[in-house]
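Q: below: sequence and its predicted model.
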Amino acid sequence: MPLDLAKAKTAVTTILHGIGTAPNVATALTAGLKTHGKVYEALVLAEVLRHLHVHEQLQPLLSVGTKLTLKSAPGPINRQYPYFSLVDAGGTIRAEVWTDVEFATMSSHGAAQVFEGDHHELDILVTEPGLNGHPPHDSVWLGVECKHTVFAKSMLREVLGIRRELSLLQSPQATRFKTWPQAKVPASPNSSLLVCSTDSTIAKYQQVGDAYGLRFLHVPVA
Amino acid sequence: MQLSIEEGAKLTTVDEDDFAELLGHIRDEMRTTGLQELDDQVRAAHPAGDTSARELALRYLEALATRIALTSSHSVTRILVTLNEHVVTEDGNPMDDVQVLLDRAAQLSTGTEVISLSELPDRRRELAALRLLRSQLMEG
């Protein structure tokens, strides 16, 4: 039987009205939590850890327990929460992976006072090991932003601002990584910055990314 | 889930005007089912006049499919599979949940410290139905 407009409309109604709110989701909504954003953050984190393991030969080690724990609000590094250590083949911890942590911006470096704009959140941060508080901009190996919806141009402007607070534009230099996510960036300090989105059109911004040391990656949801 | 479309059904009677009507219907349904914010996001990324009704309707359905997948326990299960292929734990046991630690204010309002994402509903059926509808509209 052919699909016509009436059938398509009925299908849309049936699908959307079939999505009930489970008790767990209701609790999350009460708390103002967008569970879909957290699921995407977890998905991207799993991809980042996979790439670092496969391409950089860094073994991710969960610090405590068996649960991936994300936070509903960003803050400083708190070593009481679970995190991942990245261990090299010789058994040395080379870096750590944190979620929902705010780094201390380059513009606030050396300042005597702390102001509202001195810390910016990145969904995933790979930093030098053993840090506490807000990791300084020059301790960041890799920052990852996760965008779980259509990628709007305003998001490009946002990540360009993050890039500016991590590094200055420089001639290309080696990152902390052999190949993934970037071997070289035109930035000093030499942090990598990765922007992941469910939206395949994110690739159209890579030319801007190449100029400023940003990598745009389409990470779809299966 | 019982849908009025079938595997292999061909789209024969939907033209650009119909797509415009379907688009309006999708947006109405999104608003009445609490997805206003998603409607706003798609509209912001695709200003009126830049995109045909057909393309825009397909973009809405794609955004909806992504949203449904991200609120389904099957996605959390897949994440745990990936993690357990590449992560080791201190005690050697596999990772078994993805949870969100609520901030202090949220803990007080809900009486809950953490939310387990493994307890999300399984929405694979709704997702499959939506993707089937989208693929048939794309073929039309």
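A: Perfect, thanks for sending it.
Q: only C-alpha atoms for contact and neighbour calcs from this point on.
A: Fine.
Q: what stretches of chain A score poorly on pLDDT?
A: The model of chain A has pLDDT under 70 over residues A:1-2, A:20-26, A:29-32.
Q: swap in chain B?
A: Ranges of chain B meeting pLDDT under 70: B:1-13, B:47-49, B:140.
Q: walk me through the domains of it.
A: B:1-72+B:121-140, B:73-120 (automatic domain parsing).
Q: let's have the ones you listed in a markdown table, adding mean neighbour count and distance to A:V140.
A: Shown next, in a markdown table, are the domains of chain B (neighbours: other C-alpha atoms under 10 Å in any protein chain shown; distance: least, C-alpha to C-alpha, whole Å):
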| stretch | mean neighbour count | distance to A:V140 |
| --- | --- | --- |
| domain B:1-72+B:121-140 | 17 | 28 |
| domain B:73-120 | 18 | 21 |
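Q: dump these to CSV, plus distance to A:T27.
A: As requested, the domains of chain B are exported to CSV (distance: least, C-alpha to C-alpha, whole Å):
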stretch, distance to A:T27
domain B:1-72+B:121-140, 13
domain B:73-120, 6
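Q: quick one: which of the ones you listed is nearest A:W141?
A: domain B:73-120 (19.4 Å; C-alpha to C-alpha).
Q: could you pull out the strands for chain A?
A: A:59-62, A:67-71, A:84-87, A:93-104, A:119-127, A:140-147, A:168-174, A:184-188, A:192-197, A:214-218 (DSSP state E).
Q: quick one: distance of the fourth one to the chain centre.
A: Right, the one you point to is strand A:93-104. Here strand A:93-104 is found 11 Å from its chain centre; the criterion is C-alpha atoms, centre = their mean, to the nearest Å.
Q: show me what that strand is packed against.
A: strand A:67-71, strand A:84-87, strand A:119-127 (3 or more C-alpha pairs under 8 Å, 6 or more residues apart in numbering or on different chains; DSSP states H and E).
Q: and the angle for it with strand A:140-147?
A: Angle, strand A:93-104 to strand A:140-147, by axes from the mean of the first three to the mean of the last three C-alpha atoms, to 10 degrees: 60 degrees.
Q: likewise for the second one?
A: An angle of 80 degrees separates the directions of strand A:67-71 and strand A:140-147 when computed by the same axes, to 10 degrees.
Q: as TSV, the helices and strands packed on strand A:93-104 with mean neighbour count would be great.
A: Formatted as TSV, the helices and strands packed on strand A:93-104 follow (neighbours: other C-alpha atoms under 10 Å in any protein chain shown):
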stretch	mean neighbour count
strand A:67-71	21
strand A:84-87	23
strand A:119-127	22
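Q: so which of those strands is nearest chain B?
A: strand A:67-71 (4.7 Å; C-alpha to the nearest C-alpha).
Q: quick one: strands adjacent to that closest one?
A: strand B:97-101 (parallel) (DSSP bridges).
Q: chain center to the partner strand, what's the gap?
A: With C-alpha atoms, centre = their mean, you get 20 Å for strand B:97-101.
Q: got a list of contacts for that strand?
A: A:38, A:42, A:66-72, B:76, B:80, B:113-118 (C-alpha atoms under 8 Å, 6 or more residues apart in numbering or on different chains).
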